[in-house]
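In: missing the sequence, but the structure's below:
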């Protein structure tokens, strides 16, 4: 029961976090000329976003494999996933800020990808918490796996966005 309530707490905490990628934290330069971002400033952020996103894939897989098993371990894994998605949201916001106001579509694409990952991860938390005490063939396990696949798919979309930004930088479009 302890692990189940901790997982539910993580989910509740996550509800508050998932609204954290709406772009309100991106500094704007009102009245200034739109600027293109500096690729040198974005490169370390891009690498950090990719590294954090890949680690979140591992966390998500651990959540799936731990569902229905040791609730304390599952709660610990959920805690790690919340920390990781928080890190991802922070670095995505930093990346969007570095891209600059001259690239609003790219900013929105990055932030939307992160928000989608956040919402899908929240659904993994919720479905995992419903699996507590249920037999391993219960349909809720399919729900957990389906939600986890959505997290991983959304992470793939974020990584594709990063690749597109990198390709555009190479062509000089966003230099």
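Out: Perfect, thanks for sending it. Predicted model only: the values in this text are computed from it and were never measured. Numbers count the residues shown, from 1 in each chain.

In: And the average pLDDT for the longest helix seen in the chain is what?
Out: Identified as the longest helix of the chain according to DSSP state H is helix 140-171. In this model, helix 140-171 carries a mean pLDDT of 94.

In: Show me how far it is from its chain's centre.
Out: Relative to its chain's centre, helix 140-171 lies at 9 Å (Cα atoms, centre = their mean, to the nearest Å).

In: Could you give me the buried positions within that helix?
Out: Applying a neighbour-count criterion of 16 or more other Cβ atoms under 10 Å, one finds 140-141, 143-144, 147-148, 150-152, 154-155, 158-159, 161-162, 165-166, 169 buried in helix 140-171. In short, each C-beta sits where N, CA and C put it, glycine included.

In: what helices or strands is that helix leaning on?
Out: Contacting helix 140-171 under the criterion 3 or more Cβ pairs under 8 Å, 6 or more residues apart in numbering; DSSP states H and E are the following elements: helix 39-66, helix 104-130.

In: just those helices: most buried one?
Out: Relative to the other members of these, helix 104-130 carries the highest mean neighbour count by mean count of other Cβ atoms under 10 Å, namely a mean of 21.

In: now that helix: mean pLDDT?
Out: Helix 104-130 shows a mean pLDDT of 93 in the predicted model.
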